[in-house]
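Visitor: Here is a sequence with its predicted model. Questions after.
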Amino acid sequence: NAGVTQTPKFQVLKTGQSMTLQCAQDMNHNSMYWYRQDPGMGLRLIYYSASEGTTDKGEVPNGYNVSRLNKREFSLRLESAAPSQTSVYFCASRRGQGANEQFFGPGTRLTVL
Amino acid sequence: GDSVTQMEGPVTLSEEAFLTINCTYTATGYPSLFWYVQYPGEGLQLLLKATKADDKGSNKGFEATYRKETTSFHLEKGSVQVSDSAVYFCALSEAANNDMRFGAGTRLTVKP
């Protein structure tokens, strides 16, 4: 099992450009998540999908959109990138709620110039 | 709402020293508690967890006990190694919620 995979690993964008971050999991998990990690701020939830066909906003959704393409895949789109979106982005998946842990991908380091 | 507060870092220790990283939480219900570890350039990995009061989670020499009376879940290790250098995150999850709340992270550096 590959677990949670993310592409790309690194990306540099200019202000105003768009891009999609891809995430896939092969653990048959229902829930998937997108976080951003900034120095000194821990992880902040951008969007999550509790199950195929549903998505919900997290703590910092502005400037992002998501698509739960199927049970395996959950993509994050930046329509018009801004320097404030420079961050490391992590995708995670989880079997259910409560006591179940989240499994994380290796991250995408995004720089917006 | 639910939240997690953990001690600010960075923490620098010598090899074989005793480690404590404090974590306290605020929750409306009875959450499960987790410690994750992040090595440089990698994603977070689950280190240990506890699902109810007085449970002790343990893994790789690390331990944490779920203390409901003090709303705490402090991470401890008796003798740290250079390879333990990483960022450690405390987190909680309520049964009724789908999300997980993370602390800000504590960077640990262990020197030989």
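Guide: The structure has been received and is ready for your questions. Numbers count the residues shown, from 1 in each chain, chains lettered A, B, ... in the order given.
Visitor: Next secondary structure element downstream of the helix-or-strand element of chain B with minimal mean pLDDT?
Guide: In chain B, the helix or strand scored least confidently by mean pLDDT, DSSP states H and E is strand B:101-102, which has a mean of 90. Using DSSP states H and E, the helix or strand that follows strand B:101-102 towards the C-terminus is strand B:106-111.
Visitor: Adjacent strands (with direction) for that next one?
Guide: Its sheet considered, strand B:106-111 pairs with strand B:11-14 (parallel), strand B:86-93 (antiparallel) by DSSP bridges.
Visitor: So what's the model's average confidence on the last one?
Guide: Averaging pLDDT along strand B:86-93 gives 94.
Visitor: same deal with stretch B:44-52?
Guide: Stretch B:44-52 carries an average pLDDT of 94.
Visitor: Flag every buried residue along it.
Guide: The neighbour-count check on stretch B:44-52 (16 or more other CB atoms under 10 Å in any protein chain shown) flags B:44, B:46-51 as buried. C-beta here means a position set from N, CA and C on the backbone, and glycine is covered the same way.
Visitor: any idea how far chain B is from the closest residue to residue A:91 other than its chain neighbours?
Guide: Once flanking residues are discounted, residue A:91 sits nearest to residue A:23: 3.4 Å by CB to CB, 6 or more residues apart in numbering or on different chains. Separation of residue A:23 from chain B (CB to the nearest CB, to the nearest Å): 11 Å.
Visitor: Residue A:23 contacts residue A:77, doesn't it?
Guide: No: the pair residue A:23 / residue A:77 is not scored as a contact, 11.7 Å apart, by CB atoms under 8 Å.
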